[in-house]
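Q: turn this into a structure:
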Amino acid sequence: MSELDGWGGADFVLAADRLDTPDVVEAADPGDMLRQVASAAAQVRTALRSCAETDLSAFTAEGRPRALVVAGLGASGLAGEMLNAMAGLSSPVQVVVSPGERLPGWVGAADAVIAVSCSGSTPETLAIATQAARRGCRLAGVGAEGSPLHRIAEQARAPFVPVVPPRGGTGGSSPPEATVLSRSMLWAAAVPLLVIAEQMGVTQIGPDVYELAAARLEEVSHQCRPASESFVNPGKSLALDLVGVLPMVWGTSALSEVAARRFTSQLLQNAKYPAICGVLPDAAHGQVAAFDGPFAPRSSRLSAQEPGPGPDELADLPGWDLDYEETEQASGFTALRLILIADSGADQRVSAQRAAVTELAGQRGVGISELGMDGEHPLVRLAGVIQLTDYASVYLAIASGIDPGQTVAIRDLRTRIE
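A: Numbering: from 1, shown residues only. Below you'll find the model as predicted:
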């Protein structure tokens, strides 16, 4: 980073030193979040085995439903968004993600509902699964074995695909608590949903593509392993780009928007960092206005000013400081940083917008990190960038001296609600 965005040089050096000291990394991650991220490829293969051992014959292309409703929150809901983006506008079945606790009124016996909850105990998902069974929908469950969701599926005589929690990913001895289970088990939740959808002809994937996705996850895990130093570790490098800044994460397609949503969620939950999610072209019509705001280092002072009151008039107003000559950033200044997740499948118009946005951000002094999505199949492209950003979110927490597995605020809120 050319400018430390409000962090002192010593603070930034300390953040980098934390990431490149193995003992510090291990001590700063008591919940083994890095190991859980590393379990992604194993999650894909384990979930495929679980699907093969589950009778999913009720879901076929011949008995295709009118709509497929995915009930889930957090990563479980994101699995539905992954399916929606991969199926695209050509899908013969409408895919709807329902994150609330009530099914849409139009959902009935002609539709299929897949309830996804890694813990199997998410109240909103349980409520939708119960409603789906009562309305006569074709139902399937994905979650922890022996959970309340499993029992609802058994009572409805619906198939249930068990989710096996990682035991520390590549090591460790105990699964994560329910509050962090969903963010560490995206692939365990997503694969059964994709398999069921594929059986209904909603999308096309195939065994070879799943293995390619698992291999991509392993490849990124190797590149981002804790023992790899930050100057050759893309996960650590991205984390250091984000130290002390306000991230804006933009996708360039429906597929990369899913990756952007995942990254912002992981930044919030792992690094406890606020982040803004957007997608081109919509972000170019709204969110780009932030480049003229207080978090853009050079904002619009360099551009033509809109007509308004003259300086003499403003000087008469109390509380106005018109000293525009100062170029030094105030102590503690937090700068924007734009993270562009560029999908090779984006259309030509969006590609042109991406180039224009990059130029404008440079003019405003907004830092940019560009992440490419490579691979022929959408699932493989998603796997690579999601795995990279999952690592980056955990490394950012460690670099900032924060336990990535900490869930104190979430637990405190729940005690006030329950």
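Q: centre-most residue in this protein?
A: In the chain, the centroid-proximal residue (CA atoms, centre = their mean) is Arg262; its distance is 0.6 Å.
Q: check which helix or strand the residue lying closest to it once chain neighbours are set aside maps to.
A: The spatially closest residue to Arg262, leaving aside those adjacent along the chain, is Ile386, at 5.4 Å (CB to CB, 6 or more residues apart in numbering). For the C-beta atoms, the positions are set from N, CA and C on the backbone; glycine is no exception. Using DSSP states H and E, Ile386 sits within helix 378-399.
Q: likewise for Val70?
A: Val70 belongs to strand 67-71, assigned by DSSP H and E.
Q: now swap in Ala214 and tell me
A: Going by DSSP H and E, Ala214 is part of helix 207-223.
Q: just the CA coordinates of that helix, formatted as PDB?
A: What follows is helix 207-223, C-alpha atoms only, in PDB (Å, rounded to 0.1, in the frame of the first residue of the first chain):
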ATOM      1  CA  PRO A 207     -18.800 -35.300 -11.300                       C
ATOM      2  CA  ASP A 208     -15.800 -34.000 -13.200                       C
ATOM      3  CA  VAL A 209     -16.700 -30.400 -12.500                       C
ATOM      4  CA  TYR A 210     -17.200 -31.100  -8.700                       C
ATOM      5  CA  GLU A 211     -13.700 -32.600  -8.700                       C
ATOM      6  CA  LEU A 212     -12.300 -29.600 -10.600                       C
ATOM      7  CA  ALA A 213     -13.800 -27.300  -8.000                       C
ATOM      8  CA  ALA A 214     -12.400 -29.300  -5.200                       C
ATOM      9  CA  ALA A 215      -9.000 -29.200  -6.800                       C
ATOM     10  CA  ARG A 216      -9.200 -25.400  -7.200                       C
ATOM     11  CA  LEU A 217     -10.100 -25.200  -3.500                       C
ATOM     12  CA  GLU A 218      -7.000 -27.200  -2.700                       C
ATOM     13  CA  GLU A 219      -4.800 -25.200  -5.000                       C
ATOM     14  CA  VAL A 220      -5.900 -21.900  -3.300                       C
ATOM     15  CA  SER A 221      -5.500 -23.400   0.100                       C
ATOM     16  CA  HIS A 222      -1.900 -24.400  -0.700                       C
ATOM     17  CA  GLN A 223      -1.200 -20.900  -1.900                       C
END
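Q: and the angle from it to helix 378-399?
A: Comparing the axes of helix 207-223 and helix 378-399 via axes from the mean of the first three to the mean of the last three CA atoms, to 10 degrees yields an angle of 20 degrees.
Q: packing partners for the very next helix or strand once past helix 207-223?
A: With elements assigned by DSSP H and E, the helix or strand that comes after helix 207-223 is helix 234-241. Here helix 234-241 touches helix 9-19, helix 207-223, strand 367-373, helix 378-399, going by 3 or more CB pairs under 8 Å, 6 or more residues apart in numbering; DSSP states H and E.
Q: tally of neighbours for Tyr210?
A: Applying other CB atoms under 10 Å, we find 23 residues neighbouring Tyr210.
Q: repeat that for Ser57.
A: 9.
Q: so it is in which element?
A: Going by DSSP H and E, Ser57 is not in any helix or strand.
Q: give the contact list for it.
A: With contacts taken as CB atoms under 8 Å, 6 or more residues apart in numbering, Ser57 has no neighbouring residues.
Q: if we can go back for a sec, now the helix holding Ala214: buried residues?
A: Using 16 or more other CB atoms under 10 Å as the test for burial, helix 207-223 gives Val209, Tyr210, Leu212, Ala213, Ala214, Arg216, Leu217, Glu218, Val220, Ser221, Gln223.
Q: which one of those sits closest to Gly141?
A: Gly141 lies nearest to Tyr210 out of the buried residues of helix 207-223, by CB to CB, at 21.0 Å.
Q: contacts for stretch 378-388 next, please.
A: The contact list for stretch 378-388 (CB under 8 Å, 6+ apart) reads 37, 40, 82, 85-86, 186, 194, 205, 209-210, 212-214, 216-217, 219-221, 224, 234-235, 238, 255-256, 258-259, 262-263, 341, 343-345, 371-375.
Q: drop anything exposed from those.
A: Neighbour counting over the contacts of stretch 378-388 (16+ other CB under 10 Å) leaves 37, 40, 82, 85-86, 186, 194, 205, 209-210, 212-214, 216-217, 220-221, 224, 234-235, 238, 255-256, 258-259, 262-263, 341, 343, 345, 371, 373, 375 as the buried ones.
Q: which residues sit against stretch 269-284?
A: Here stretch 269-284 has contacts from 33, 180, 183, 242, 246-254, 256-257, 260-261, 263-264, 267-268, 286-287, 290, 346, 349-350, 353-354, 356-357, 393-394, 396-397, 400, 402, 404, 406, using CB under 8 Å, 6+ apart.
Q: let's see which of those residues end up in strands.
A: Counting by DSSP state E, the contacts of stretch 269-284 place Leu246, Pro247, Met248, Val249, Trp250, Gly251 in strands.
Q: least confident secondary structure element in this structure?
A: Using mean pLDDT, DSSP states H and E, the weakest-scoring helix or strand in the chain turns out to be helix 311-315, at a mean of 46.
Q: let me know the average pLDDT across the next helix or strand after that helix.
A: Sequence order places strand 335-343 as the next helix or strand after helix 311-315, per DSSP H and E. Computed over strand 335-343, the mean pLDDT rounds to 94.
Q: quick one, strand 335-343 and strand 367-373 angle?
A: 20 degrees.
Q: tilt between strand 335-343 and strand 245-251?
A: When the same axes, to 10 degrees is applied, the directions of strand 335-343 and strand 245-251 differ by 20 degrees.
Q: paired strands for strand 335-343, with orientation please.
A: Sheet pairing of strand 335-343 (DSSP bridges) gives strand 245-251 (parallel), strand 367-373 (parallel).
Q: pick the most deeply packed of those.
A: strand 245-251 (a mean of 25; mean count of other CB atoms under 10 Å).
Q: then that strand to CSV, C-alphas only?
A: Presented in CSV, the C-alpha positions along strand 245-251 are these (Å, rounded to 0.1, in the frame of the first residue of the first chain):
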residue,chain,number,x,y,z
VAL,A,245,-9.7,0.8,5.2
LEU,A,246,-13.4,0.7,4.4
PRO,A,247,-13.9,-2.0,1.7
MET,A,248,-16.3,-1.7,-1.1
VAL,A,249,-16.6,-5.1,-2.8
TRP,A,250,-18.1,-5.1,-6.3
GLY,A,251,-18.9,-7.9,-8.7
